[in-house]
Each structure stands twice: as structure tokens, then as C-alpha cells.
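Undergrad: Need the 3D shape of this:
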Amino acid sequence: MIVDKINTYLTSDPKSVDEIKLEAGRIAEVMFERQFMKEGGRGKYIGLSSCGRCARQSAYTLLGFEHKGKEKDARSKVVFYQGDLTEQMVYLLAKLAGCDIRHGGLNQMKVSLHIGDKEVNGHPDGILKTQNEGDFLVEIKSMSSYGFDDFQKGEIDSAYVAQINSYLDALGLTKCVMVALNKDAGVLAERIIDFDPEIVKKAKETLSAVLGATIDDLPKRWYEPGKEGILPWNCLYCSFWGHCWPTAEKVLVKRSYKLKVKGMKK
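TA: The predicted model follows:
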């Protein structure tokens with residue numbers, strides 16, 4: 001749908017389209033400035049991208065807890081910029097290849113879900129217009145070889161699926177074409193994701209738990225320690241694990257760091 005057209009374009013004679021060249025330059029400029037030349041962080045904010053991740057983690061953000069865990073360092077800024085830029089590269093290549101994608105790049109539209117009396121917003125990557133199959137939500141993600149292999153098997157991160165379904169619900173669409181880029185090998189693949197109302201129901205419950213949280217009444221943890229008190233990788237990469245698990249510490253297991261909760265036995 002998108003990937004075949006991009007691959008055909010890349011193996012044919014390239015075309016010069018001034019409008020897209022200008023858009024590519026502007027995207028790179030804005031993203032560079034946003035990542036490296038402005039103060040980071042959005043403060044006490046959650047969006048639809050939060051609907052598929054740990055509700056307690058999102059609540060810590062919304063309630064303004066200070067970071068006490070994984071910190072954003074110099075390496076992470078570069079990684080985030082590379083991810084944003086490669087995803088926009090796919091969007092621009094799709095346009096060059098003849099895909100009719102609207103509301104992408106710097107012109108992403110805002111969509112919203114109403115959770116009680118509050119509104120939670122998101123910004124989809126684009127809308128693909130087709131002649132015979134209607135409109136498709138477009139979501140583009142760059143990922144490691146490990147994640148890409150899972151994607152090709154149809155094993156898609158549940159957080160992505162929740163985010164996509166929340167966008168579909170907000171837009172009144174039923175299908176998404178998710179394009180994945182293997183950032184280690186430069187290979188593209190795509191999957192069609194169908195709207196699932198049960199996933200949206202759970203996503204709304206997650207957002208409701210976050211929005212209703214207080215300092216003294218936080219949502220339940222999504223993850224618990226396993227063997228010998230080791231927490232899953234999700235916790236290690238959370239900026240608030242020090243609040244959630246005050247007795248946890250980073251330990252070296254073989255050749256990688258793990259997060260271990262003290263006092264846990266087999």
C-alpha cells in the first residue's frame with residue numbers, strides 16, 4: 001500500500017519535486033530546533049500516546065513528580081531526533097512515491113477523545129486517501145532489528161496498538177496502515193491494523209485512571225517483580241521508578257543492567 005510504492009520509487013529514476021524538498025528542509029529545521037535548542041519536556045501533560053503505557057507512570061507525569069529514575073541524557077536526545085527524522089523521511093518518501101497522504105509532517109491534525117469532562121489530544125502521522133478502500137490512518141515508527149522482526153511476525157507493541165485505536169476512534173476510521181522502518185538495516189514493512197472497540201475501551205479506562213489520580217491515590221502498577229525481585233525492562237526505562245519502587249536499585253546481570261527490588265526472594 002505504501003511500502004511497495006516507496007521501494008519502487010527508490011529503485012527508479014528519482015524525481016525532483018520542489019515543494020517536497022522545501023517541506024523536507026523545514027521539517028529537519030523545526031525538529032533540530034525543538035530537540036536541541038529549546039527547553040525539553042512538556043510538563044504536566046498527557047496525550048493519546050499515553051493510553052497504552054503504564055497508568056501510574058503517566059500519573060506521575062501529570063501530577064508533576066520530579067524524575068527519579070531514567071533521566072533524559074545527551075544520548076537520548078540524539079536518539080529521539082534520529083527517530084523523529086527517520087519517520088518523517090518515510091512520510092516524505094511516500095509522498096514522492098505518489099501516496100496521497102494528508103495532514104502529515106508539520107501539518108499534523110489534532111484529534112481528541114473525551115474522558116469524562118476532560119479532553120485528551122493526539123497528533124496522528126497522517127491520513128492516506130485511496131480510490132477504492134477509503135481513508136486509512138497512517139502511523140510510522142522506527143524500531144530496532146529486534147522490534148522489526150516482531151513487527152514482521154505481526155507482534156506489535158501493545159502501546160502502539162492502543163494509541164492507533166484511540167486515533168481511529170477519534171477520527172471515525174476503521175483501518176490503519178502502520179509502516180515500520182528497521183533503523184539498523186533501512187528496511188521497510190507495513191501492517192494493516194483494524195479498529196478494535198475493546199482496545200479503545202481499555203485505553204479510555206487507562207486515561208480515566210490517570211486523570212483521576214491524586215498524590216495519595218495513584219493508579220495500580222502495571223508491572224511487578226519477577227524472579228529474584230527483577231522488574232521488567234519497562235520499569236528500568238521509566239523516569240519515575242524511584243517513586244514507584246523506593247527500594248529498587250540497578251544491578252548488573254551478566255552484561256546488562258536490570259532493576260531489582262531489595263528484599264525480594266525467589
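Undergrad: Which stretches in the stretch 151-266 of the chain count as helices?
TA: In the stretch 151-266 of the chain, helices defined by DSSP state H, counting those that start in this stretch lie at 158-171, 197-211, 233-236, 241-244, listed in chain order.
Undergrad: Of all those helices, which one is nearest H67?
TA: With C-beta to C-beta, the closest approach to H67 among those belongs to helix 241-244: 8.4 Å. For the C-beta atoms, the positions are set from N, CA and C on the backbone; glycine is no exception.
Undergrad: which parts of the closest one are buried?
TA: W241, G242, H243, C244 (16 or more other C-beta atoms under 10 Å).
Undergrad: Pull the contacting residues for I46.
TA: S58, T61, L62, V120, L207, V210, L211 (C-beta atoms under 8 Å, 6 or more residues apart in numbering).
Undergrad: follow-up on the earlier one: mind putting the helices of the stretch 151-266 of the chain in CSV, mean pLDDT included?
TA: Below are the helices of the stretch 151-266 of the chain laid out as CSV (pLDDT from 0 to 100):
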stretch, mean pLDDT
helix 158-171, 98
helix 197-211, 98
helix 233-236, 96
helix 241-244, 97
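Undergrad: still on that earlier bit, what's the closest of the buried residues of helix 241-244 to N165?
TA: After measuring the buried residues of helix 241-244 against N165 - C-beta to C-beta - the closest member comes out as C244, at 26.3 Å.
Undergrad: thinking that closest one is in contact with C235, fair?
TA: Yes. At 7.3 Å, C244 counts as touching C235 under the criterion of C-beta atoms under 8 Å.
Undergrad: Please list all residues in contact with the nearest residue in space to T86 that is not next to it in sequence.
TA: Distance criterion C-beta to C-beta, 6 or more residues apart in numbering; nearest residue to T86, sequence neighbours excluded, is S142 at 4.6 Å. By C-beta under 8 Å, 6+ apart, the contact set of S142 is Q82, G83, T86, E87, A180, L181, K183.
Undergrad: Let's see if you can find the most crowded of those.
TA: Neighbour counts for the contacts of S142 (other C-beta atoms under 10 Å) peak at A180, which has 25 neighbours.
Undergrad: Tell me, how many residues neighbour R191?
TA: By other C-beta under 10 Å, neighbour count at R191 equals 15.
Undergrad: and it, how far is that from K141?
TA: 11 Å (C-beta to C-beta, to the nearest Å).
Undergrad: hang on, the earlier thing: as JSON lines, the contacts of S142 with pLDDT and distance to D73 would be great.
TA: Shown next, in JSON lines, are those (pLDDT from 0 to 100; distance: C-beta to C-beta, whole Å):
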{"residue": "Q82", "pLDDT": "92", "distance to D73": "15"}
{"residue": "G83", "pLDDT": "91", "distance to D73": "15"}
{"residue": "T86", "pLDDT": "92", "distance to D73": "20"}
{"residue": "E87", "pLDDT": "94", "distance to D73": "22"}
{"residue": "A180", "pLDDT": "98", "distance to D73": "26"}
{"residue": "L181", "pLDDT": "97", "distance to D73": "24"}
{"residue": "K183", "pLDDT": "93", "distance to D73": "19"}
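Undergrad: Summarise which helices and strands the host helix or strand of K5 is packed against.
TA: Assigned by DSSP states H and E, K5 belongs to helix 3-10. Here helix 3-10 touches helix 74-96, strand 187-194, going by 3 or more C-beta pairs under 8 Å, 6 or more residues apart in numbering; DSSP states H and E.
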